[in-house]
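Q: coords please:
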Amino acid sequence: MAEAEAVAAAEVVEAVEASPGRELTASGAGPGAGPGAGPGAPSGAGPLGGSARVRQVREGLRGYGLIVAMWIRSTMTYRASFALSAFGNAAITLLDFVTIYIMFSHVDVLGGFTLPEIALLYGACSASLGLADLLMGNTDRIGARIRDGSLDTMLVRPVPVLAQVAADRFALRRLGRVMQGLGVLGWALWSLDVEWTAGKALMVPVMIVAGAAIFAAVMLTGAAFQFIAGDAAEVQNSFTYGGCTMLQYPPTIFAKDLLRGVTFVVPLAFVNWLPALYVLGRPDPLGLPGWVAYLGPPVAFLVFLPASLAWRAGVRSYRSTGS
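A: As a prediction, this is how the structure comes out:
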């Protein structure tokens with residue numbers, strides 16, 4: 001397995017370095033070349049225009065796809081190992097729901113919510129976090145790359161650093177968490193007695209995708225913070241994995257100050273609480289109107305905007321370790 005990963009890593013480097021992009025000047029190629037030493041941008045380059053930004057995004061997506069494809073090839077070299085890893089990942093995450101299930105063997109409701117209603121919260125949150133973790137989970141390793149100097153090699157390639165960091169060591173086994181969450185969500189929807197409308201039916205997939213985008217934005221913010229803190233992976237995980245653990249339980253059991261914090265400060269409530277309350281026809285504990293449940297996608301965009309700016313600022317301010 002290690003040999004296959006080494007071969008895949010070498011192919012990734014060749015594919016990324018061969019991808020089309022702007023040529024690096026001698027002054028802009030060095031990882032410590034200053035604010036202009038960002039991914040594929042010559043030193044001292046001015047702000048990118050609209051077409052240049054679109055081209056850079058396209059190059060980043062292409063580079064991300066190349067790296068992901070290489071790691072998938074490496075993973076599928078040992079299909080049995082992949083199947084066992086994915087199954088193990090799903091089984092471990094399922095233990096959280098098993099705990100909830102055992103709890104309901106002693107109580108009928110928790111905070112006014114039945115087991116299928118909590119399963120709706122759990123399944124949506126788990127699927128959203130699993131999808132974000134699959135696509136962006138490796139961003140929490142940026143602190144380690146800063147310390148050991150391996151980030152320097154990414155800065156001299158004509159592909160955005162974020163694409164390389166997010167796709168590095170792409171773990172296809174994380175699909176196990178996504179499938180497990182969708183399985184619990186499917187059981188919840190089958191067990192619930194909901195008066196379905198077109199809006200409620202549409203809310204379910206929107207809830208998962210928007211929730212994944214919100215988690216991804218939080219991951220990006222945490223990665224940007226590591227340029228300052230050096231290594232804050234656990235702080236980042238406390239908002240992602242810890243936040244998902246909190247969202248698995250009904251909002252009615254938490255204090256209103258906490259509910260305000262996860263609604264207006266770190267908007268994790270838009271991952272599943274507010275959409276699920278709309279689907280279930282329950283009132284919001286803070287008295288928010290029902291249409292707020294549809295704000296998941298714009299909230300994800302609003303969180304991504306400062307996160308992307310913080311990431312760009314972190315990359316531009318980075319100075320090489322010198323090693």
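
Q: what about Arg282, which SS state?
A: Put simply, Arg282 is coil when judged by DSSP: H, G, I helix; E, B strand; the rest coil.

Q: What is the neighbour count of it?
A: 16 (other CB atoms under 10 Å). Where C-beta positions appear, they are placed from N, C-alpha and C, glycine not excepted.

Q: Can you list phi and psi of it for me?
A: Main-chain torsions, Arg282, degrees, to the nearest 10: phi -100, psi 150.

Q: Can you check what pLDDT the model gives the residue lying closest to Leu182 once chain neighbours are set aside?
A: Leaving aside its chain neighbours, Leu182 sits nearest to Ala127 (5.1 Å; criterion: CB to CB, 6 or more residues apart in numbering). Reported pLDDT at Ala127 in the predicted model: 94.

Q: can you pull the contacts of Ala127?
A: Arg177, Val178, Gly181, Leu182, Leu185, Ile208, Gly211, Ala212 (CB atoms under 8 Å, 6 or more residues apart in numbering).

Q: Show me which of these is closest to Met154.
A: Ala212 (24.3 Å; CB to CB).

Q: pretty sure Val262 is in contact with Cys244, am I right?
A: No: using CB atoms under 8 Å, Val262 is not in contact with Cys244, being 11.6 Å away.

Q: Please say which of those two ends up with more neighbours.
A: Neighbours were counted for Val262 and for Cys244 using other CB under 10 Å; Cys244 has more, 25 against 20.

Q: before we move on, back to that, in which helix or strand would I find the residue nearest to Leu182?
A: In the assignment (DSSP states H and E), Ala127 maps to helix 115-136.

Q: Please identify the buried residues of that helix?
A: The neighbour-count check on helix 115-136 (16 or more other CB atoms under 10 Å) flags 115-136 as buried.

Q: From the contacts of Ala127, which shows the smallest pLDDT?
A: Arg177 (87).

Q: so it touches Leu129, yeah?
A: Yes: using CB under 8 Å, Arg177 makes contact with Leu129 at a distance of 7.3 Å.

Q: What distance do you get for Phe270 to Val299?
A: From Phe270 over to Val299 the distance is 5 Å, taken as CB to CB, to the nearest Å.

Q: Now list whatever residues contact both of the two.
A: Joint contacts of Phe270 and Val299 (CB under 8 Å, 6+ apart) are Ala210, Ile214.

Q: neighbour count winner among those two?
A: Using other CB under 10 Å as the criterion, Phe270 and Val299 rank with Phe270 on top: 25 against 20.

Q: Contacts only, for the more buried one.
A: Counted by CB under 8 Å, 6+ apart, Phe270 has contacts Ala210, Gly211, Ile214, Thr263, Leu295, Gly296, Val299, Ala300.

Q: What does it show for phi and psi?
A: phi -80, psi -10.

Q: Model confidence for it, exactly?
A: 95.

Q: and if you look at Leu286?
A: The model reports Leu286 with a pLDDT of 92.

Q: For it, which non-adjacent residue is spatially closest?
A: Here the residue nearest Leu286, using CB to CB, 6+ apart, is Leu259, at 5.7 Å.

Q: Could you do Leu61 as well?
A: Ala163 (7.2 Å).

Q: element containing that neighbour?
A: Using DSSP H and E, Ala163 falls in helix 161-167.

Q: which helices and strands does the helix or strand that comes right after that helix pack with?
A: Per DSSP H and E, the first helix or strand lying C-terminal to helix 161-167 is helix 175-191. Contact partners of helix 175-191 among helices and strands, from 3 or more CB pairs under 8 Å, 6 or more residues apart in numbering; DSSP states H and E: helix 79-103, helix 115-136, helix 198-229.

Q: how many degrees apart are helix 175-191 and helix 198-229 in direction?
A: 150 degrees (axes from the mean of the first three to the mean of the last three CA atoms, to 10 degrees).

Q: Please save the CA atoms from helix 175-191 in CSV.
A: Output in CSV follows, covering the C-alpha atoms of helix 175-191 (Å, rounded to 0.1, in the frame of the first residue of the first chain):
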residue,chain,number,x,y,z
LEU,A,175,-17.4,7.9,1.7
GLY,A,176,-18.3,5.4,4.4
ARG,A,177,-19.4,8.3,6.7
VAL,A,178,-21.5,9.9,3.9
MET,A,179,-23.3,6.6,3.1
GLN,A,180,-23.9,5.9,6.7
GLY,A,181,-25.4,9.3,7.3
LEU,A,182,-27.6,9.0,4.2
GLY,A,183,-28.7,5.5,5.4
VAL,A,184,-29.8,6.9,8.8
LEU,A,185,-31.4,9.9,7.1
GLY,A,186,-33.4,7.5,4.7
TRP,A,187,-34.6,5.5,7.7
ALA,A,188,-35.7,8.7,9.5
LEU,A,189,-37.6,10.0,6.4
TRP,A,190,-39.3,6.6,6.0
SER,A,191,-40.3,6.5,9.7
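
Q: Perfect, I'm done here.
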